[in-house]
Structure formats: structure tokens, C-alpha cells
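1. mind folding the following:
(2 chains)
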Amino acid sequence: MQENILVTKDVVKRFGGLTAVEKVSIEVKKGEVFGIIGPNGAGKTTFLNCVSGIYNPEEGEILYKGKNIKGLSSHVLCKKGIARTFQIVRSFHKMTALDNVKVAVIFGSDKDQDPNDKARELLDYVNFPLPVETLASNLNTVQLKYLELARALATDGELLLLDEVAAGLTPGELGEFIDLIKKIRDSGVTVISIEHVMKFIMTICDRIAVIHYGEKIAEGTPEEIVNNKVVIEAYLGKEHAKTN
Amino acid sequence: MMQTETNQNLLLSMKKKNILRELGFTPLGLGLLILVALVPLFIDNQYYLHLIVSSLMFGALAMGFDFTVGYINIVNFGYAAFMGVGGYVSALLATRLGISPWIGIFVAAAAAAVLGFLIGILTLRLRGMFAAIMAWFVGIVLMSLASNMVDLTRGQLGLNVPLLFTGSGKAPYIYTILAIVILTYIVLKRMISSKIGLAFNAIGQDLEAAETSGVNATKYKVLNFTVSCAFAGLIGGFYGHFVGILTPAVLHTRVTVEILALCYIGGRGSIWGGLLAAFLIIPIFEFLRPLMEIRLIIYGLLLVLVMIFYPGGLAQFLNQLAFYLKDLMPFKKQA
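-> Numbering: from 1, shown residues only, chains lettered A, B, ... in the order given. From the prediction side, this is the model:
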């Protein structure tokens, strides 16, 4: 049995009277690709923000490699090995692609290395399709997604949190991204991925948790999840759950 | 033998050029600075010299202001107050304790830096807006203090400040403020071209992405704010000893807005843009005296125009011009 890299216990995040995440507990094993799915507004991104230190959850524990990391800020977690990408892609728009990655190499990684070489290497690793000197403001969404992946990897993270990387990709691009995520997983990085794209989930996720109205309603392998009555009910309504 | 000697000379001259480049000077910029330094040798009109000192002073303030707004993207609405604090600190040290202004202006810089540091620590964990508002309020409070602590500051009557130099000549002031401008420019540019500057840029362009890339945003924002305030204090100290009188109006938001306008018109994120803008705009207002009354309105209009047509200000315009000129001169490309 592999060890758990991330364990959350009853994580609760409220915004005023609204409870966005209600007692979500997951266990992510080292080296797997763990999917988080759920209808829009279910609290997936909020949950991910709790894990990556952007939000401080009101209740519960978040254990990373056995240590409680609840309440630590993003840049500390980044140093500890948690990297992430954003649903709405973010970049340092006035910098070149190379400099974007260099920021993460210089500030996010403790390894002693030449930032230029490492940044080039990473852009090459993710198959960044343009010259590295291209300004980030000139990139389209898909190119920015490659850039974000390179930036996340530049921090030498052991746990990569992806927030809908596959959204809005063409089938061809989707294939490339799936191969890339596989390559990243095979290099020893654990991946937690929020995703809506079924092809991505079914091909790459080892296990999936389903979040609905802030609560985890199911967990299991992709096959288990697609046949789970509660999940079908959450997505398609009671009627479908019955007839199935 | 001859060959190696010329090679060495070539190497030496190349090194010199690199040092200047490293300090952030282009040949043109350096030339203009030298030109300013030569002015007192040829012009004896004290009025013009006074104008040059004013331009340099506001230019330096705009550079310090740009360091914060142009890089970490936080508007320091209390900037004039930090300058005023510097002015009063140095002035009071000189009048009450008899400390030399030359030491006083550096103490002034330290005082403004400490104040900036405290405000930064309190507010910069939050979004930039809080720092802006807090600095603004602190500025307003400090101005009231300067008006009401009459025993110390003489309030609206104005505090008489000993001058830096005896005699009425303005030339020594030009060299002093020029030295301050160069110091400011070199320190700011050096920081920006280092790793620290990369962090500033990252924070200013996307705070969350910077933090998830491992940048300790609070630390760098506080550092930036502190340095920027230190220069405001230094220049404020000089201001008092140059003008000879300090009134609470120095701390007014109006002054911050003027600095902001110069910085934006010059071009955010360029450092030198504000200095250039100061040299263009301050003399124009001096010569068109009637306009002085409505200069804030004109600043407002200029800001709107810059925002719409040239968000990068004069700096962007000139950089583009230089880019086109380089294209026109193929022989220069090879060099």
C-alpha cells in the first residue's frame, strides 16, 4: 500500500452564511492522479484553494506528508512542494514566457540551478509551442495553459493541483495534455485534478471524488463513479438515476 | 605588445560601458544628466536654476513613487506625507539639536522608511487598496499634526529651516539634488534588475500567481514600500533645507497627486519617465503662471489623455521611437 501524500479531514470553508465546502475528507496516494468532479458551483475550486493555501478553512485538518498545513500561506506551501495552476489562467503578462517560468524557479525551488537553463528545459518539457521570448500577453489560452504547467513544475513540487486544465481544448490538444499529465505523473509527481472533461477523467484518473453542494457524495475508480446512482442523480436528476 | 595593449584598452572601455549599463544608464540619459550638471556654468539666472532644482526634486519623487506603483502596483496616496515627515525631521534636528542638515537628511530618510515600514507591515498583507488608503489617512493625520503642534512646528506660520548652503547661489543645490537623483536612480534600478525586481514585477502583474510560484509577497511589498518611502524622506529633507521654510501644506494630498501625475505621464514602470516628465511639465507651469491656479485640472486632463492613448506614458513613446530609429539605421545594428 502506497503512503498518502495528502489527507484532508472534514474540511469546512464558509463565506459568511454560505458553506462552500462542507466536511470534505479525501486521501490522495503518492504517485496517483486524483480527480475531483462535480457540477458547477459545487465547491471544487474552493476546496483546492484551501489545500493550496489561498483560503484558510474554518474547520478540519489538511495533512501533507503527515504534517498539518492548514493556514499556511501559498508561498510557504509552494516551498513545501505543492504547486498549482488556475482555472482562469494567470500569468505575468508583461514578462516573456521564459521570465514567467524563471520567477517560479528562483522563488519556488530550493535546488541550486541556473534559472535560465531550468526554465528553458521546463518550457521544452511541456512542449511550449512558441519561442521562449514571447511576451505572455501575446499568448492565447491554450499557450498560457502550457506556460502555467511549466511554471507550476518549476517549483519542483511533489503535488500538482490542476484546476480545469482540459477545459476548452480541442480534441487534439486534449490528447497532448493527457500525454503530458501522464508524463508528469510518471516522473513521480502526484496530481490532483479538477475536471469536467470526461475523456480526461476516464483516461487518466486513478480515483475520483465527487463534490456536490460542498459535500463529497462519492469516491472511487472512474468505472465505479459513472455507475454510481448518487452521482447520476446529482448530474442528471432523479429520473435518470431511476431508469438506469 | 601593441596589439595586447589596444586589446586591453578596448576591454577596459567595454567594461566601463558595461558598468554604466549595469547601473541602468543609457548614453543618451547620461548625456542629459551631464548637460544638467553643466547648466550652472553657463546660466547665471537664479530663477532658471531654481526651476532646475524643482524639476529634479519632483523628478526624484516621481521616480520613488514609480518604484511602488509601477512595479508592485500599489498607489501610495500618502507619498507627500512621507516627504513632509522627512522635511520636518531634518529641519527639527537642525533647529532644535543643531545637527548638520547633511546628517539630518539621512535621518529623515530613515524616519520616513520606518514609518513606511510600519504602515506596510500593517496593511500590505491585504490587497493593495488597504495600503493606499492607510497611507493616505496617515498622511492626512500627519498634516493635521504638523498644523496643530504649533510649539514644535509653528503650524501654518511655517518652520524656518536653515539652508544647506550659505549665500544665495543655487548652483550647489543643483549638484546636491543631482547627486540625490543619481543615487535614487541607481539604487532603484539596481533593485529592479535583480531578483528582487523580478519578485516586484511578478507581484504587480499577478499577486496570486506570484504567491503560488513561491514569492513571499508580503515581504517584498513591505521592502518595496519601505525603500520608496525612504527616498521620499531623503528628498523631503533636502526640500526643507533648500526652500528654507516648511508648512503643513507640503504633506497635502495635492502634492501626492502632482507626483502621481508626473509619474503616470512619464510612464509607470520605467523609473526615468517621471524625471523626464518633471523636466517638461514643471518649467511649463512656471512660465505659464496663470495656469498654476488650474494646474491640477490640467494634470487631470493629461492623465486621462495618457491613460487613453499611451498607458506607458512618455517612456513607452520614446522606447517605441528608439525602436523605429534603430530600424532606420541598418549600420547601427551591426555594432
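2. ok, the closest residue to chain A within chain B - contacts?
-> Here chain B gets closest to chain A at one residue, B:Gly214, 2.9 Å apart by C-beta to the nearest C-beta. (Glycine included, C-beta is placed from N, CA and C.) Contacts for B:Gly214 (C-beta atoms under 8 Å, 6 or more residues apart in numbering or on different chains) come out as A:75, A:78-79, A:104, A:107-109, A:155.
3. who are the packing partners of the one helix or strand B:Leu301 maps to?
-> Using DSSP states H and E, B:Leu301 sits in helix B:295-309. Applying 3 or more C-beta pairs under 8 Å, 6 or more residues apart in numbering or on different chains; DSSP states H and E, we find helix B:295-309 packed against helix B:253-266.
4. try 10 Å this time
-> For helix B:295-309, the helices and strands in contact under the criterion 3 or more C-beta pairs under 10 Å, 6 or more residues apart in numbering or on different chains; DSSP states H and E are helix B:253-266, helix B:272-287, helix B:313-328.
5. that helix - what's its average pLDDT?
-> Mean pLDDT, helix B:295-309: 87.
6. ranges for the strands of the chain?
-> With no chain named, the answer covers chain A. A:4-15, A:18-29, A:33-37, A:59-64, A:67-68, A:82-84, A:159-163, A:190-194, A:207-212, A:215-220 (DSSP state E).
7. actually chain B
-> Using DSSP E, the strands of chain B run over residues B:159-160, B:245-246.
8. partner strands of the last one, with direction?
-> Pointing back at strand B:245-246 there. strand B:159-160 (antiparallel) (DSSP bridges).
9. so how far is the strand it pairs with off the chain centroid?
-> Here the centre of strand B:159-160 is set off from its chain's centre by 24 Å, with C-alpha atoms, centre = their mean, to the nearest Å.
10. give me the contact list for that strand.
-> Applying C-beta atoms under 10 Å, 6 or more residues apart in numbering or on different chains, the contact partners of strand B:159-160 are B:87-88, B:91-92, B:95, B:146, B:152-154, B:240, B:244-248.
11. list buried residues within those residues.
-> Buried members of the contacts of strand B:159-160, counted by 16 or more other C-beta atoms under 10 Å in any protein chain shown: B:87-88, B:91-92, B:146, B:153-154, B:240, B:246-248.
12. A:Gly35: which of the helices and strands packed on helix B:295-309 is closest?
-> With respect to A:Gly35, and counting by C-beta to C-beta, the nearest of the helices and strands packed on helix B:295-309 is helix B:313-328 at 45.3 Å.
13. picking up where we left off before, for the strands of chain B, give me TSV that also has mean pLDDT and distance to A:Val126.
-> Listed next are the strands of chain B as TSV, based on pLDDT from 0 to 100; distance: least, C-beta to C-beta, whole Å:
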stretch	mean pLDDT	distance to A:Val126
strand B:159-160	84	62
strand B:245-246	88	58
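14. let's have the ones you listed in TSV, adding distance to A:Pro222.
-> Listed next are those as TSV, based on distance: least, C-beta to C-beta, whole Å:
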stretch	distance to A:Pro222
strand B:159-160	76
strand B:245-246	73
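15. re the thing from before, out of the helices and strands packed on helix B:295-309, which one sits most buried?
-> For these, average neighbour numbers computed from mean count of other C-beta atoms under 10 Å in any protein chain shown are highest in helix B:253-266, which has a mean of 24.
16. got the CA coordinates for it in CSV?
-> What follows is helix B:253-266, C-alpha atoms only, in CSV (Å, rounded to 0.1, in the frame of the first residue of the first chain):
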residue,chain,number,x,y,z
THR,B,253,-2.6,65.0,-0.9
ARG,B,254,-2.4,67.7,-3.6
VAL,B,255,1.3,67.2,-3.7
THR,B,256,0.9,63.4,-3.9
VAL,B,257,-1.4,63.9,-6.9
GLU,B,258,1.2,66.1,-8.6
ILE,B,259,3.8,63.4,-8.1
LEU,B,260,1.4,60.8,-9.3
ALA,B,261,0.6,62.7,-12.4
LEU,B,262,4.3,63.2,-13.2
CYS,B,263,4.9,59.5,-12.7
TYR,B,264,2.0,58.4,-14.9
ILE,B,265,2.7,60.9,-17.6
GLY,B,266,6.4,59.9,-17.6
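17. elements contacting it?
-> Contacts defined by 3+ C-beta pairs under 10 Å, 6+ apart place helix B:253-266 against helix B:46-66, helix B:79-97, helix B:128-148, helix B:272-287, helix B:295-309, helix B:313-328.
18. wait, which of those helices is closest to A:Glu133?
-> Minimum separation from A:Glu133 across these (C-beta to C-beta) falls at helix B:313-328, 15.4 Å.
19. between helix B:272-287 and that closest one, find me the angle.
-> Counting by axes from the mean of the first three to the mean of the last three C-alpha atoms, to 10 degrees, helix B:313-328 lies at 110 degrees to helix B:272-287.
20. can you list contacts of helix B:313-328?
-> Residues contacting helix B:313-328 (C-beta under 10 Å, 6+ apart): B:26, B:28, B:66, B:70, B:262-274, B:276-277, B:280, B:303, B:306-307, B:309-310, B:312, B:332-333.
21. check stretch B:28-36 too.
-> For stretch B:28-36, contacts defined as C-beta under 10 Å, 6+ apart pick out B:20, B:23, B:25-26, B:52, B:55-56, B:174-175, B:177-178, B:181-182, B:185, B:272, B:275-276, B:279, B:318, B:322.
22. if we can go back for a sec, give me the number of residues near the residue lying closest to the residue of chain B closest to chain A once chain neighbours are set aside?
-> Leaving aside its chain neighbours, B:Gly214 sits nearest to A:Gly108 (2.9 Å; criterion: C-beta to C-beta, 6 or more residues apart in numbering or on different chains). Neighbour count for A:Gly108, taken as other C-beta atoms under 10 Å in any protein chain shown: 26.
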